[in-house]
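K.L.:
how does the following fold in three dimensions:
(2 chains)
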Protein chains: 2
Amino acid sequence: MTEPTTDPSAAPYTPDTSAGVTAPRGFRAAGIAAGIKPSGAPDLTLVVNDGPEQTAAGVFTTNKVKAAPVLWSQQVLRQRRLRAVLLNSGGANACTGPEGFQDTHASAERVASILGVGAVEVAVCSTGLIGERLPMDNVLAGIAEVAGALADTPEAGLAAATAVMTTDTRPKQAAVHHPDGWAVGGFAKGAGMCAPNMATMLSVLTTDAVVDADVLDRALREAVTWSFNSLNVDGGTSTNDTVLLLASGASGQRPDEESFTNLLTAVCANLTTQLQADAEGVTKRVVVSVIGAADAAEAKQVANVVAEDNLVKTALFGSDPNWGRIAMAVGRSGAKVDQDRLDIIINGVTVCRGGVRGEDRSTVDLSGPQVGIVIDLGLGEGTADVYTTDLSHAYVEENSAYSS
Amino acid sequence: MTEPTTDPSAAPYTPDTSAGVTAPRGFRAAGIAAGIKPSGAPDLTLVVNDGPEQTAAGVFTTNKVKAAPVLWSQQVLRQRRLRAVLLNSGGANACTGPEGFQDTHASAERVASILGVGAVEVAVCSTGLIGERLPMDNVLAGIAEVAGALADTPEAGLAAATAVMTTDTRPKQAAVHHPDGWAVGGFAKGAGMCAPNMATMLSVLTTDAVVDADVLDRALREAVTWSFNSLNVDGGTSTNDTVLLLASGASGQRPDEESFTNLLTAVCANLTTQLQADAEGVTKRVVVSVIGAADAAEAKQVANVVAEDNLVKTALFGSDPNWGRIAMAVGRSGAKVDQDRLDIIINGVTVCRGGVRGEDRSTVDLSGPQVGIVIDLGLGEGTADVYTTDLSHAYVEENSAYSS
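P.N.:
The predicted structure follows:
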């Protein structure tokens, strides 16, 4: 297994954030306001793969409470083929029972009949409030309208990225062109649970490379591991989280698996950075890097527990290099820990060395918006990076003031 | 295994919160200001068991980063005998290396020499900032002073409960007298991690019953499971958490195990309620009750994940009966969940029935300070209660503004 970097600045190709799902050939997209959101903001997106190939892969939420569109899309993805993805904001269609599933099915049927394809070739994603049915009249009328707006332009790609937004403050897209003449593009919304009831992370990725279904699936899982799954704002995984990857083969180029995985990871990592930066209530963007763990799984476990620890997160909000809270979180993580070997480095200062006080904590500069925490367990070769944020007044405000 | 109730109002005996460790016969206590805290507030407590018996049991933090006093007390507790417990606030003596352990040892030696007992009969507990050595001149001088102040009065018990406080706003003690002529008393401080660097939960419990060491150990573990371990404010378990139980046998009464466990649990449950009520930044006191889980362990797992979920906690702060966030937390808990069987009841209103919207959420009254959430998984017989709090602006304020 290769370990692509999750640091986009170190990636071999720099993603272009002015392009997205329509950057690779063979794709059209559109985003419109269908009246699902009471505000009248854009809320319906369609992405169509015009081929010649329709290979597809998907990664879905591990939450055992799954929204209707997740159940539907997991089912249709078994064929590893997708002609189109319909996405709506303004309603999660989660905890809506058999009726909610029927709504998803009816939406896919409508898309399919307009495009002249089968409903099992149409995935559906939803994001918004849990427990409410979608306004299906608006959704079905909107499908005709969004299909009519489909285009392969950058503007259409941006409109698609915009209509999936919930509490996102800006659309998030990225694309990379490989010198060999193929490309990967995509958009994403959400940020690992920052937003009230709108916690969903959705992403649609496209490529015009020729990629077999097995390779596509492996590459997507690998890329997600090193990108979206390394972002942990507050530990949640929503009922609706979905990442879909569609390959059109329109470039005629068949990259090797490693090249494809690397480029895909670069796009996903860039989108992840945009999600982290847009997480609500953020004043600090934090990378928790664990090294020296017994293995990679334990490193990830420690990094996640530290990233989710409210005492660590509030200390960072207060610009307090409080390594005792980090040591406490490491110790309760469940991973193998030898406190006499523990080093903690905050923004370059080794504040804890061998489990005791190291350099003076007052020399740590936490005035900026970027924080790097390195935790060296001194036990083995396991490493992991997790991206997170601080816990601020704005987080509490956003998530408590929201009226359900 | 009996299941004592954790609801003190349902307990057969109502604890007296004006009495504590000196309520049972055979105990003296004291609390003084030794100058460990720069503020000059009380910071040194001594509890002495004058016998005739000195049976003891202890429960310690599961954190793999353990403070020096925890390592010391675990070691001396192997003999299941304690003559005295020394406790200080103003410094955790955690992450202080071999020198910190030496400090603990020296403190125990000083207590032992003044009392004319062995150092291995003296447990030590500390709470406060992590990573700093204690001012040992003040500690050692303070030991002589606190030993001179020992008394078996209610005032001495209250002074002992007061000198362990960190960010607690009031001392927490409770005692119950059994009609058969024996009693259980105790004090506690902390609140499962509300306070910056002072996250430690410490409790000393006393009894004048005649109890064998095996029974004492089992009863303490049982009582802690149904009380302190059901309080989860933010998921932390500190480097210093310690609960000690000392039996003097001074009543001459030997209760049966069940009676003793029940009375002990009533005292611990009352102290737990006081800890919950005093957690910093609390505007709501929340009980998460999971029923119908596959087993008790899964019920506890679900209850803990819901209790720690920041989206649930901020919704409660905002008085928002947002059951979608609860469903999301249940689904990500890792426990067996069938979303079609999930019921969620908030303050008596079944807002989610069979995994879909039930009664109108607007009928839920969340205006008061008490919230009861019942989650019925509909799968089995497993049940668990976890006590928690909301996540408020004051929580962020307290935990970020603290200067390390």
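K.L.:
from now on I want contacts and neighbour counts done on CA atoms only, so please keep to that.
P.N.:
Fine.
K.L.:
any idea which element residue A:237 lies in?
P.N.:
Using DSSP states H and E, residue A:237 falls within no helix or strand.
K.L.:
for it, give me the pLDDT.
P.N.:
In this model, residue A:237 is scored at 76, pLDDT.
K.L.:
burial check on it, number of neighbours?
P.N.:
By other CA atoms under 10 Å in any protein chain shown, 24 other residues sit near residue A:237.
K.L.:
show me what from the stretch 201-350 of chain A comes close to chain B.
P.N.:
A:234-239, A:309-311, A:314-322, A:324-325, A:327-332, A:337-340 (CA under 8 Å from any CA of the partner chain).
K.L.:
keeping just the C-alphas, turn the helix or strand where residue A:98 lies into PDB.
P.N.:
Following DSSP H and E, one finds residue A:98 within helix A:97-115. Provided in PDB are the C-alpha atoms of helix A:97-115 (Å, rounded to 0.1, in the frame of the first residue of the first chain):
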ATOM      1  CA  GLY A  97     -39.000   5.100   6.700                       C
ATOM      2  CA  PRO A  98     -40.300   3.200   3.700                       C
ATOM      3  CA  GLU A  99     -42.000   6.400   2.400                       C
ATOM      4  CA  GLY A 100     -38.600   8.200   2.400                       C
ATOM      5  CA  PHE A 101     -37.100   5.300   0.400                       C
ATOM      6  CA  GLN A 102     -40.000   5.600  -2.100                       C
ATOM      7  CA  ASP A 103     -39.200   9.300  -2.500                       C
ATOM      8  CA  THR A 104     -35.600   8.500  -3.400                       C
ATOM      9  CA  HIS A 105     -36.700   5.800  -5.800                       C
ATOM     10  CA  ALA A 106     -39.100   8.100  -7.500                       C
ATOM     11  CA  SER A 107     -36.400  10.800  -7.900                       C
ATOM     12  CA  ALA A 108     -34.000   8.300  -9.500                       C
ATOM     13  CA  GLU A 109     -36.800   7.100 -11.800                       C
ATOM     14  CA  ARG A 110     -37.500  10.600 -12.900                       C
ATOM     15  CA  VAL A 111     -33.800  11.300 -13.600                       C
ATOM     16  CA  ALA A 112     -33.600   8.000 -15.500                       C
ATOM     17  CA  SER A 113     -36.600   8.600 -17.700                       C
ATOM     18  CA  ILE A 114     -35.400  12.100 -18.700                       C
ATOM     19  CA  LEU A 115     -31.900  10.800 -19.500                       C
END
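K.L.:
would you map the helices across the stretch 201-350 of chain A?
P.N.:
With helices called from DSSP state H, counting those that start in this stretch, the stretch 201-350 of chain A shows them at A:213-225, A:257-278, A:296-308, A:310-317, A:323-331.
K.L.:
any idea of the mean pLDDT in the helix holding residue A:98?
P.N.:
97.
K.L.:
what residues of it count as buried?
P.N.:
For helix A:97-115, a neighbour-count test (16 or more other CA atoms under 10 Å in any protein chain shown) marks A:97, A:100-101, A:103-112, A:115 as buried.
K.L.:
ok, so of those, who is nearest chain B?
P.N.:
Distance to chain B across the buried residues of helix A:97-115 (CA to the nearest CA) is lowest for residue A:97, with 5.9 Å.
K.L.:
excluding its backbone neighbours, what's nearest the closest one?
P.N.:
Excluding the flanking residues, the one nearest residue A:97 by CA to CA, 6 or more residues apart in numbering or on different chains is residue B:356, at 5.9 Å.
K.L.:
contacts only, for that neighbour.
P.N.:
A:95, A:96, A:97, A:131, B:340 (CA atoms under 8 Å, 6 or more residues apart in numbering or on different chains).
K.L.:
picking up where we left off before, looking at the helices of the stretch 201-350 of chain A, which one has the lowest mean pLDDT?
P.N.:
helix A:310-317 (a mean of 88).
K.L.:
elements contacting that one?
P.N.:
helix A:323-331, helix B:393-401 (3 or more CA pairs under 8 Å, 6 or more residues apart in numbering or on different chains; DSSP states H and E).
K.L.:
circling back: farthest pair within the contacts of residue B:356?
P.N.:
A:131 and B:340 (12.8 Å; CA to CA).
K.L.:
who has more neighbours out of these two?
P.N.:
Per other CA under 10 Å, whichever of residue A:131 and residue B:340 has more neighbours is residue A:131, with 26 against 17.
K.L.:
let's see the pLDDT reported for that one.
P.N.:
90.
K.L.:
spatially, what comes nearest to it if we skip its sequence neighbours?
P.N.:
Leaving aside its chain neighbours, residue A:131 sits nearest to residue A:95 (4.8 Å; criterion: CA to CA, 6+ apart).
K.L.:
quick one, phi/psi of the one you found?
P.N.:
Backbone geometry at residue A:95, expressed as degrees, to the nearest 10, gives phi 60, psi 50.
K.L.:
distance of it from residue B:323?
P.N.:
10 Å (CA to CA, to the nearest Å).
K.L.:
more neighbours: which of those two?
P.N.:
Applying other CA under 10 Å to residue A:95 and residue B:323 shows that residue A:95 carries more neighbours, namely 30 against 25.
K.L.:
whatever helix or strand residue A:351 lives in: what's the following helix or strand?
P.N.:
If you go by DSSP H and E, residue A:351 is part of strand A:349-353. Going down the chain from strand A:349-353, the next helix or strand is strand A:356-357, by DSSP H and E.
K.L.:
what domains does the record give for chain A?
P.N.:
Chain A breaks down by automatic domain parsing into domains covering A:8-278, A:285-401.
K.L.:
on that earlier part again, and the helices and strands packed on helix A:310-317: which comes nearest residue A:206?
P.N.:
helix A:323-331 (38.5 Å).
K.L.:
in that closest one, what counts as buried?
P.N.:
Using 16+ other CA under 10 Å as the test for burial, helix A:323-331 gives A:323, A:324, A:325, A:326, A:327, A:328, A:329, A:330, A:331.
K.L.:
also compute the angle for that helix relative to strand A:349-353, please.
P.N.:
Helix A:323-331 runs at 60 degrees relative to strand A:349-353, counting by axes from the mean of the first three to the mean of the last three CA atoms, to 10 degrees.
K.L.:
now the angle from helix A:323-331 to helix A:296-308?
P.N.:
Here the directions of helix A:323-331 and helix A:296-308 differ by 140 degrees (the same axes, to 10 degrees).
K.L.:
and helix A:323-331, what does it pack onto?
P.N.:
Against helix A:323-331 (3+ CA pairs under 8 Å, 6+ apart) you get helix A:296-308, helix A:310-317.
K.L.:
for the stretch 101-250 of chain A, what are the low-confidence residue spans?
P.N.:
For the stretch 101-250 of chain A, applying pLDDT under 70 flags the ranges A:191-199, A:234-236.
K.L.:
the residue nearest to residue A:131: what's it in contact with?
P.N.:
A:65, A:66, A:67, A:68, A:130, A:131, A:132, B:324, B:339, B:355, B:356, B:357.
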